[in-house]
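could you look at this predicted model? Sequence included:
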Amino acid sequence: MEEIVRRRQTEFTAERDWERFHKPRSLLLALVGEVGELAELFQWKEEVLPGLPGWRPQERARVADELADVLIYLTELAAVCHVDLPRAVLTKMAQNACKYPAEKVRGSSKKYNEYTEEQNAQDPKLETQQEVPGE
Ligand SMILES: Nc1ccn([C@H]2C[C@H](O)[C@@H](COP(=O)(O)OP(=O)(O)OP(=O)(O)O)O2)c(=O)n1
């Protein structure tokens, strides 16, 4: 999927002689702009449930459209930054799994450092031990 998007977008950019515009900073701003357009579709609504129940087909199509724009710019931004995006994503997901062990965090939405703080409060010795390597 990433490869198809990256290739097609590279062609799209080259055919228009747009490489000079598609530099990292501009692509980042374009990406943020599209995230903003996506956010605009959700703003001022009450909590939105999965599947977007009650949304009109036109609104759903806009969501798909904006998500596509976000993915296109994200993919091209990674490419011009020479980041292997699929590899970076898999590495990050492995790190996430270590940081949030399922047996420890199941059913809770706390951030990982809140668990550490809680652990330190229960056992102050842990805090002292963790401060030593930074000396
Ligand atoms: N210089 C550009 C302009 C457009 N696109 C591509 C990537 C996006 O998928 C889409 C963005 O097009 P627009 O800037 O026209 O933005 P929208 O499609 O969101 O249109 P609008 O702003 O009217 O909602 O087109 C691109 O790669 N480089």
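Sure, I can see it.

who touches the top helix by length along the chain?
Taking DSSP state H as the criterion, the chain has its longest helix at helix 57-80. Contacts with helix 57-80, where a contact means C-beta atoms under 8 Å, 6 or more residues apart in numbering, come from 2, 5-6, 9-10, 13, 22-24, 27-28, 30-31, 34-35, 37-38, 41, 52, 55, 84-85, 88. C-betas here are computed from N, CA, C, even on glycine.

from those residues, which would you call buried?
Buried members of those, scored by 16 or more other C-beta atoms under 10 Å, are 2, 5-6, 9-10, 13, 22, 27, 30-31, 34-35, 38, 41, 55, 85.

on that earlier part again, and the contacts of helix 57-80 near the ligand, which?
The residues of the contacts of helix 57-80 that also fall near the ligand, by C-beta under 6 Å from any ligand atom, are E37.

narrow the contacts of helix 57-80 to those in strands?
Using DSSP state E, no member of these falls within strands.

how about the residues of the chain by the ligand?
Proximity of the chain to the ligand (C-beta under 6 Å from any ligand atom) is limited to residues W18, F21, E37, D69, I72.

got those residues as TSV, with distance to A97 and pLDDT columns?
TSV is the format used below for the residues of the chain next to the ligand (distance: C-beta to C-beta, whole Å; pLDDT from 0 to 100):
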residue	distance to A97	pLDDT
W18	39	98
F21	38	98
E37	32	98
D69	30	98
I72	28	98
